[in-house]
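Trainee: Show me the folded form of this:
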Amino acid sequence: MLRTYFFAGMGVLFLLVALIGFGPSFVLPLLGGKFDFSAHVWLHAIIMFGWLALYITQASLISGRNPGLHCRLGGLSVALFLAIMASAIFVSVNGLLKPLPLPVERLIDNIFFLQLVSFFIAPLLYVLGWQARRKHPQYHKRYMLLLTFYLIEAAASRMTWLPGMADPDKFLIPQYLYLDALLIPLIVFDWRTLGHISRATILGVGLLLIYQVIAVLVWNSPLWLSTVDGLEHFLSSF
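Mentor: Numbers count the residues shown, from 1 in each chain. This next block holds a predicted model:
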């Protein structure tokens, strides 16, 4: 049972995190009848929740032993992932160039670093997963799980009601502690089903931990803030 439904179950867990994280700003207003979000918000939400739906569907197809349909839908992930990258670029640059009060602007400047790094980490995890899909399907499952985990970081950052998450200057470490707790089931799953931690899990989790350490070190650093100010000035000239 654990081996069969684990990856689909993790997808449902990630979806729950996304719904809770974006509940106050998007989900609850939507349920309350508010539909006047800007076009780029609609598009970004459809793409990101579409990825979660596709991940759960793909994991469920494998659980249900329907690899044929799983492979046919795999091509859809390419288009959806490219849409994620394109949408992320637009949202990142649009947020950076929007005139905001200084405290909020500094928060966006810091977040922009995380967004820049995502253009390296997300494609790397996707390519690793895509390459492993035929020869190493167990690696493929783990890379896609870790990619989906990585994509819900923005949702977790909005859970300001959690202890330690309210301070915009100090929330990053608590955020990563909460997020990384979601990876414990994967490590336990590896140990129980394989007798060791999968190489894909070690590589993927290691990559994410390195990213998190760098993010904490860069957050609010004078060097990054001066760099992003210059970048913002450069982009605003176009």
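
Trainee: Can you pull out the low-pLDDT segments for this structure?
Mentor: Scanning the chain for pLDDT under 70 picks out 1-2.

Trainee: Would you map the helices across it?
Mentor: 2-21, 28-31, 39-63, 67-97, 102-131, 137-151, 153-157, 172-181, 184-194, 199-218, 222-236 (DSSP state H).

Trainee: Can you check what angle separates the fifth one from helix 67-97?
Mentor: Between helix 102-131 and helix 67-97, the angle comes out at 160 degrees (axes from the mean of the first three to the mean of the last three CA atoms, to 10 degrees).

Trainee: Take the helices of the chain and lay them out in a markdown table including distance to Pro163.
Mentor: The way it works is simple: take the backbone N, C-alpha and C, and place the C-beta from them, glycine included. Shown next, in a markdown table, are those (distance: least, CB to CB, whole Å):
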| stretch | distance to Pro163 |
| --- | --- |
| helix 2-21 | 15 |
| helix 28-31 | 22 |
| helix 39-63 | 26 |
| helix 67-97 | 27 |
| helix 102-131 | 19 |
| helix 137-151 | 21 |
| helix 153-157 | 14 |
| helix 172-181 | 7 |
| helix 184-194 | 19 |
| helix 199-218 | 18 |
| helix 222-236 | 27 |
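
Trainee: so which of those helices is the most packed in?
Mentor: helix 137-151 (a mean of 22; mean count of other CB atoms under 10 Å).

Trainee: got the angle for that helix vs helix 184-194?
Mentor: 170 degrees.

Trainee: quick check: angle from helix 137-151 to helix 39-63?
Mentor: Going by the same axes, to 10 degrees, helix 137-151 makes 150 degrees with helix 39-63.

Trainee: Quick one: list the elements packing against helix 137-151.
Mentor: helix 2-21, helix 39-63, helix 102-131, helix 184-194, helix 199-218 (3 or more CB pairs under 8 Å, 6 or more residues apart in numbering; DSSP states H and E).

Trainee: if we can go back for a sec, figure out which of the helices of the chain is closest to Gly164.
Mentor: With CB to CB as the measure, helix 172-181 is the member of those nearest Gly164 (3.3 Å).

Trainee: what does the closest one contact?
Mentor: Contact with helix 172-181 is made by 149, 152-153, 156-157, 159, 162-165, 209, 212, 215-216, 219, as judged by CB atoms under 8 Å, 6 or more residues apart in numbering.

Trainee: List just the nearest of these to Asn94.
Mentor: Ser157 (17.6 Å).

Trainee: Next one: the residue positioned nearest the centre of the chain from Phe35, what distance?
Mentor: The residue lying closest to the centre of the chain (CA atoms, centre = their mean) is Leu151, at 1.0 Å. Separation of Leu151 from Phe35 (CB to CB, to the nearest Å): 24 Å.

Trainee: what does Thr201 give?
Mentor: 41 Å.

Trainee: Kindly report the same for Trp130.
Mentor: 35 Å.

Trainee: Equivalent analysis for Leu179, please.
Mentor: 30 Å.

Trainee: do the same with Ala86
Mentor: Separation of Ala86 from Phe35 (CB to CB) stands at 23 Å.

Trainee: cool, His136 as well?
Mentor: Using CB to CB, His136 is found at 44 Å from Phe35.

Trainee: So for the two, which sits in the more crowded spot?
Mentor: His136 (17 against 8; other CB atoms under 10 Å).
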